[in-house]
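# Below are the sequence and a predicted model for it; my questions follow.
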Amino acid sequence: MRFNVGRNLVKLVKLLSPIVGSLLGLGLSVAAAETPPSHPAGRITSRLLIAPSSSRLAGGTAKLAAGPLSRDGSLYVGDYRIKVFPYFFKSESGRLFIRVSESALRRMMMGLPAGFVGHSKTNGSGLTRGITAKAMPTANDRGALAFTVATENGPLVFNTSYRIIKP
C-alpha cells in the first residue's frame, strides 16, 4: 500500500472543514460584537508582542511575523505577514484583530491560561481568516502562545511566545 500525501491531506481538510468553519464563524461573530470605547478609566492599556515562529505544512514551511499589537478597546490590532516556502504565491500580509477581554487579560497577567479569538484581514484581497489562540503564561507579562490561523487548506498552528508591554 502506497502512502499518498495529497489524498490524505484532502481527506484531513474535508474532515476539519466543519470545525474550522465553526471556529471562523465564532471568531467573526465575536469580532463583530460591539467594541467598547478605547482606553476608558480602569481599562488595561498595553501592547502585545508575538515572537516570530514557523509552522510545517505539506512540503513546506509557513513563517509568521507579527508587528506590535496595540490595544484598542478589547481588541489587539496590528500588522502581520505569513511567508510560505516554497509556495511563495500562498504568502500574505494584512492586519490582525484579536479580541482579548479584560478578564482574559487579567487572567494572563495573574499567570493563568486564557483563550481568545479574532480574525485577520489580508491586504489586497481583503480575505478574512479566523484566528484562535491560547496563552499559557510563564510570568505575569509573558508566556507560550498557541496561535492558529484557519486557511482553505486547513489550520496553521504556530507555537510561539508572547510578551505584554505596558505603555
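In hand now; what should we look at?
# rest of the way, CA atoms for contacts and neighbours
OK.
# for L145, what are its contacts?
The contact partners of L145, by C-alpha atoms under 8 Å, 6 or more residues apart in numbering, come to A133, K134, A135, M136, N159, T160, S161, Y162.
# count of residues packed around the fourth one?
With neighbours defined by other C-alpha atoms under 10 Å, the count for M136 comes to 19.
# ok, what's across the strand from it?
A144 (DSSP bridges).
# what's the answer for the last one, then?
Using DSSP bridges, the bridge partners assigned to Y162 are I50, G143.
# and it, how many residues sit next to it?
A count of neighbours around Y162, defined by other C-alpha under 10 Å, yields 19.
# Could you number the chain from 827 rather than 1 from now on?
Got it, the first residue is 827 from now on, which makes the last one we talked about Y988.
# Quick check: it touching R968?
Yes: counting by C-alpha atoms under 8 Å, Y988 sits close enough to R968 to count as a contact (5.5 Å).
# thinking again about what came up before, which of the contacts of L971 lies closest to F923?
Compare each of these with F923 using C-alpha to C-alpha and the shortest gap goes to A959, at 12.0 Å.
# That closest one is in contact with F942, isn't it?
Yes: using C-alpha under 8 Å, A959 and F942 qualify as a contacting pair, with a distance of 5.4 Å.
# hey, what's in contact with both of these two?
If you check A959 and F942 against C-alpha under 8 Å, 6+ apart, no residue is contacted by both.
# Helix or strand: which one has F942?
strand 940-948 (DSSP states H and E).
# now do R932
helix 928-935.
# what helices or strands is that helix leaning on?
Using 3 or more C-alpha pairs under 8 Å, 6 or more residues apart in numbering; DSSP states H and E as the contact criterion, the neighbours of helix 928-935 among helices and strands are strand 940-948, strand 954-965.
# Now do the longest one and helix 928-935, the angle between them.
Right, the one you point to is strand 954-965. Strand 954-965 and helix 928-935 meet at an angle of 40 degrees, taking axes from the mean of the first three to the mean of the last three C-alpha atoms, to 10 degrees as the criterion.
# what does strand 954-965 rub up against?
Counting by C-alpha under 8 Å, 6+ apart, the neighbours of strand 954-965 from elsewhere in the structure are 849-851, 853-854, 924, 934-948, 969-977.
# Give me the PyMOL select line for the contacts of L971, limited to the buried ones.
A single PyMOL command is used to select the members of the contacts of L971 judged buried by 16 or more other C-alpha atoms under 10 Å:
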select buried, resi 959+960+961+962+985+986+987+988
